[in-house]
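Engineer: Kindly generate the corresponding structure for this input.
(2 chains)
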Amino acid sequence: MNTGLEAAIAATLKELFGIEETHVDLQETRKEFEGDLTLVVFPYLKASRMSPEATAEAIGKALLPQAEDVSAYNVVKGFLNLSLSDAPIRAAMDRMLLDEQWGIVKLNPDVPAAMVEYSSPNTNKPLHLGHIRNNLLGYSVAKLIEATGKPVLQVQIINDRGIHICKSMYAWKMFGGGETPASTGMKGDHLVGKYYVRFDQQLKSEVANLVAQGLSEEDAKKSAFCMKEVQQMLQDWESGDTEVLELWNTMNSWVYEGFNATYDRLGVQFDKNYYESQTYVLGKKDIEIGLAQGVFYRREDGSVWIDLTEDGLDEKLVLRKDGTSVYMTQDIGTAIQRFSDYQMDSLTYVVGNEQDYHFKVLFLILQKLGYTWAKTLSHLSYGMVDLPSGRMKSREGTVVDADDLLDEMESTAQKLSEELGKVEGLSEAERASLYRTLGHGALKYFILKVDPRKRMVFNPEESIDFNGNTGPFLQYTHARICSILRKAGVMGSWSWEDFTLATKEKEVIKCLAKFPSIVQKAAADQNPSDVASFLYELAKTYNGFYQVHSVLNAETPQIAAFRVALSGQVAGALQRGMALLGMAAPERM
RNA sequence: GGUCCCGUAGCUCAGCUGGAUAGAGCAUCUGCCUUCUAAGCAGACGGUCGCGCGUUCGAAUCGCGCCGGGAUCACCA
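Structural biologist: Below you'll find the model as predicted:
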């Protein structure tokens, strides 16, 4: 909106004081002062050789006749406050009206894609609150990148193999009595999770017996019968035992069905699923190549390592002495595979910050292996979701299950909607859909409004708010506008000559005008919370306008038509902005 | 112990490429529905920005040192 103003100020600075300033930094004027934009003049005092006030006054005086967009100025100490004339505000509105998707850059299918990996669950237990933060972040970041015009590949890598999977398989075989999701009515992931827990109980009781017989806790764990059985099962799996593989396939299919149901509810989807059962062999040949290049070295016992001490890190194992791969091995292989499979120029891993070190090492290794794309890798490292009591612990049963949480959000939405009498005239299906929209909106906004990098606290005792700085607040603002638009129908025309803008109207336009740059910045920073904060500010600003000005009963039909258009722009920005957060914008609530 | 992250109102969070009297929401209290949805609006109350030193015209923001919390340093993933 203030394009050109910086240049005008730079010119003025040069003219008055001979200052060669390339980037003049204007900031929004604080609410308690008169004006729209503020220039801080302290940096120019040396050159001006005048007091702060005199310097600001001189700049303002020189600027006023030159800059058309500036209608007035005032000086408070070292701050030059500039008031914008209506012209740039009108122009901003005019630009919005030209583009239905204003704020979102049109997708260009011809540029290389960005890959975003997120979710990446284990198949031995259902998704929980931590996965929800991960999924919401991953999805939102994908949408943000798309909003810069770039295609996005959303992928997950499913940890479907290993000792932990065998644990639930073993327990099901021993204690399951042939239970299936169909026979129990349980969601597949929950059923499998139940047997994972069941295994842990079995192990505990066996360990207790062994400890009673005099074994140490550690030895007892190793020699417990069930543990040996599970290890055998893993070996059978790796050697391709058909019976084990069949059970593995069956139970995993239950889990996937369950995961997909939860993904559906969350509104996330993936372009491709990677499975560790397929990728864990990748990387071994890359290790060989790296050995030949001298990037890695082999120790006497046959294990392969990389020495990162010169980079301030440690020595890191990349291949076990028995030649089997570790997590790092397959991550190396999978990354290389992906860049050869797809036309893409960046890869973002949405993974919790407890793996910061792992990704630091991974990226460094790939760089050392000489892959030019290695510098385009990024780790969106997000903080834990903690309970007021601290970390979620499955052993203490404090894990907040994703499905349960979504259920609770929906029923809270239902309860509030009914109490407020908002659902009269809606069909059953419409009501259910509304509860889902509102409940999920509340949850998504609650999580995404927080800076991803910071850990956040979630209190399951207190239900997530629907008032104040919340998802439903944004949705409510949208629904109210939709109500106006419905009643307005087709409005007459209006033009800028018909009226002068009221202060509240200007505030709305000025706020709205920031939308495109907010989206671009949020995408660049991989930070959905910037969008959330903006949407809140927008809704708040609009509600301030709504409170004092009537749209449909405006002073003149032209003003009414203008306000309908303005309201429509706000609704559009809210809708598109919420979509970037994975939130739906209801038309009534 | 090494490395990294975090510490802002009673609670949950903004602000952090240095700028004016540190902002929201919740909670508590006060007003506002005969006019477009009160899940709203307006206001009150509430802060040694963990502590100290430094850099600067100016520090919540940058640097150093403490204190407190967390993560990570596995032939686990």
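Engineer: excluding its backbone neighbours, what's nearest A:Ser495?
Structural biologist: Of all residues not flanking A:Ser495 in the chain, A:Gln558 sits nearest, at 7.5 Å (C-beta to C-beta, 6 or more residues apart in numbering). For every residue, glycine as well, the C-beta is placed using N, CA and C.
Engineer: Just the C-alpha atoms of the helix or strand hosting the one you found, please, in CSV.
Structural biologist: Element membership for A:Gln558 (DSSP states H and E) is helix A:557-580. In CSV, the C-alpha atoms belonging to helix A:557-580 read as follows (Å, rounded to 0.1, in the frame of the first residue of the first chain):
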residue,chain,number,x,y,z
PRO,A,557,-27.4,3.2,-1.4
GLN,A,558,-24.0,3.8,-2.8
ILE,A,559,-22.4,3.5,0.6
ALA,A,560,-24.4,0.4,1.3
ALA,A,561,-23.1,-1.1,-2.0
PHE,A,562,-19.6,-0.2,-1.1
ARG,A,563,-19.9,-1.7,2.4
VAL,A,564,-21.3,-4.9,0.9
ALA,A,565,-18.3,-5.1,-1.4
LEU,A,566,-15.9,-4.3,1.5
SER,A,567,-17.6,-7.0,3.7
GLY,A,568,-17.3,-9.4,0.8
GLN,A,569,-13.6,-8.8,0.7
VAL,A,570,-13.2,-9.4,4.4
ALA,A,571,-15.3,-12.7,4.1
GLY,A,572,-13.1,-13.8,1.2
ALA,A,573,-9.8,-13.1,3.0
LEU,A,574,-11.1,-14.8,6.1
GLN,A,575,-12.2,-17.8,4.1
ARG,A,576,-8.9,-18.1,2.1
GLY,A,577,-6.9,-17.4,5.2
MET,A,578,-8.7,-20.0,7.2
ALA,A,579,-8.3,-22.5,4.4
LEU,A,580,-4.6,-22.0,4.7
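Engineer: how far is it from where the chain is centred?
Structural biologist: Relative to its chain's centre, helix A:557-580 lies at 25 Å (C-alpha atoms, centre = their mean, to the nearest Å).
Engineer: next one: stretch A:25-45
Structural biologist: The answer for stretch A:25-45 is 32 Å, by C-alpha atoms, centre = their mean.
Engineer: is it true that A:Arg391 touches A:Met384?
Structural biologist: Yes: the criterion here is C-beta atoms under 8 Å, and A:Arg391 meets it with A:Met384 at 6.5 Å.
Engineer: Neighbour count for the two, which is higher?
Structural biologist: Neighbours were counted for A:Arg391 and for A:Met384 using other C-beta atoms under 10 Å; A:Met384 has more, 18 against 12.
Engineer: Now do the closest residue to that one other than its chain neighbours against RNA strand B, distance only.
Structural biologist: Once flanking residues are discounted, A:Met384 sits nearest to A:Arg455: 4.8 Å by C-beta to C-beta, 6+ apart. Look at A:Arg455 and RNA strand B: by C-beta to the nearest atom of the strand, to the nearest Å, they are 7 Å apart.
Engineer: residues contacting A:Arg455?
Structural biologist: A:Gly383, A:Met384, A:Val385, A:Asp386 (C-beta atoms under 8 Å, 6 or more residues apart in numbering).
Engineer: count of neighbours near the first one?
Structural biologist: When neighbours are defined as other C-beta under 10 Å, A:Gly383 has 16 of them.
Engineer: cool, and A:Lys285?
Structural biologist: When neighbours are counted by other C-beta under 10 Å, A:Lys285 registers 11.
Engineer: show me what contacts the closest residue in space to it that isn't next to it in sequence?
Structural biologist: Of all residues beyond its chain neighbours, the one nearest A:Lys285 is A:Gly333 (7.7 Å), with distances taken as C-beta to C-beta, 6+ apart. A:Gly333 makes contacts with A:Thr279, A:Val281, A:Leu282, A:Gly283, A:Lys284, A:Lys285, A:Asp286, A:Ser325, as judged by C-beta under 8 Å, 6+ apart.
Engineer: possible to save the residues you listed as TSV with secondary structure, distance to A:Met491 and pLDDT?
Structural biologist: Formatted as TSV, the contacts of A:Gly333 follow (DSSP: H, G, I helix; E, B strand; the rest coil; distance: C-beta to C-beta, whole Å; pLDDT from 0 to 100):
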residue	secondary structure	distance to A:Met491	pLDDT
A:Thr279	helix	57	90
A:Val281	coil	64	88
A:Leu282	coil	60	90
A:Gly283	coil	62	91
A:Lys284	helix	67	92
A:Lys285	helix	66	92
A:Asp286	helix	63	94
A:Ser325	strand	65	89
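Engineer: List the buried residues of stretch A:35-47.
Structural biologist: By neighbour count with 16 or more other C-beta atoms under 10 Å, stretch A:35-47 contains the buried residues A:Gly35, A:Asp36, A:Leu37, A:Thr38, A:Leu39, A:Val41, A:Tyr44, A:Leu45.
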